[in-house]
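What follows is a predicted structure for the sequence shown.
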Amino acid sequence: MIYVFLATGFEDIEAIAPVDIMRRAGLKVQTVSITGERVVMSAHGVGITSDILLQEVDFGKAEMLVLPGGLPGSTNLDACQPLTRAIKQHFETGGAIAAICAAPLVFGHLGLLKGRLATCYPGVDPELRGANYTAAIVEQDGNIITGKGPAAAFEFGYTIVDYFLGEGASLPLRQGMIYKELTEK
């Protein structure tokens, strides 16, 4: 199971676009509210109903933990100790993690990016403690995927699909979603 964690103030497109792409690819994805309420308000005032609450997550079945960015969403994720403890344990046992925009700061604060390639929203990079910051649109270093910001949401989702289904697995989605035409200009 891939879990996408929603905190008050998450960046809308960075949560919804990757979830949409992963589900189109047939991956099992659940959105998770860390607020204690099913409906979580985005950074732009859109209420999104999560699939489950944090206390309902079965971390034993987690294949990847995904953090959308946005502010204050990223700082709210970072302040959620049950989540950060779970991320650290998941990663230390070889589990995959992904974060986009400002959310890679959570991984940086946990010390998970030391010596690893990573990207994030410009200006957040000092929070990626020990990372080799690349400023790429999307960066994958083994079991860590990071994205730069809202415009990277599609590429971030496609990269997660390729991580699970193999390099190039996202090509039919890219074509069907007219993404390939956009990137060829």
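Nice, thanks for sending it over.

Give me the pLDDT for Leu182.
Per-residue pLDDT puts Leu182 at 71.

is it fair to say it lies in a helix?
Yes. Counting by DSSP: H, G, I helix; E, B strand; the rest coil, Leu182 is located in a helix.

which residues of the protein fall in strands?
Taking DSSP state E, the strands of the chain run over residues 2-6, 29-33, 39-41, 47-49, 52-53, 64-67, 96-100, 117-118, 132-133, 138-141, 144-147.

Next, format the ones you listed as a markdown table and append distance to Asp20, mean pLDDT and mean neighbour count.
C-beta here means a position set from N, CA and C on the backbone, and glycine is covered the same way. Listed next are the strands of the chain as a markdown table, based on distance: least, C-beta to C-beta, whole Å; pLDDT from 0 to 100; neighbours: other C-beta atoms under 10 Å:
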| stretch | distance to Asp20 | mean pLDDT | mean neighbour count |
| --- | --- | --- | --- |
| strand 2-6 | 11 | 98 | 26 |
| strand 29-33 | 9 | 98 | 21 |
| strand 39-41 | 17 | 98 | 18 |
| strand 47-49 | 12 | 98 | 13 |
| strand 52-53 | 18 | 98 | 14 |
| strand 64-67 | 13 | 98 | 26 |
| strand 96-100 | 14 | 98 | 27 |
| strand 117-118 | 24 | 98 | 21 |
| strand 132-133 | 28 | 98 | 16 |
| strand 138-141 | 16 | 98 | 20 |
| strand 144-147 | 15 | 98 | 28 |
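
quick one: which of those is nearest Gln89?
Of all the strands of the chain, the one in closest proximity to Gln89, counting by C-beta to C-beta, is strand 64-67 (10.2 Å).

Could I get the buried residue list for stretch 116-127?
The neighbour-count check on stretch 116-127 (16 or more other C-beta atoms under 10 Å) flags Arg116, Leu117, Ala118, Thr119, Cys120, Tyr121, Val124, Asp125, Glu127 as buried.
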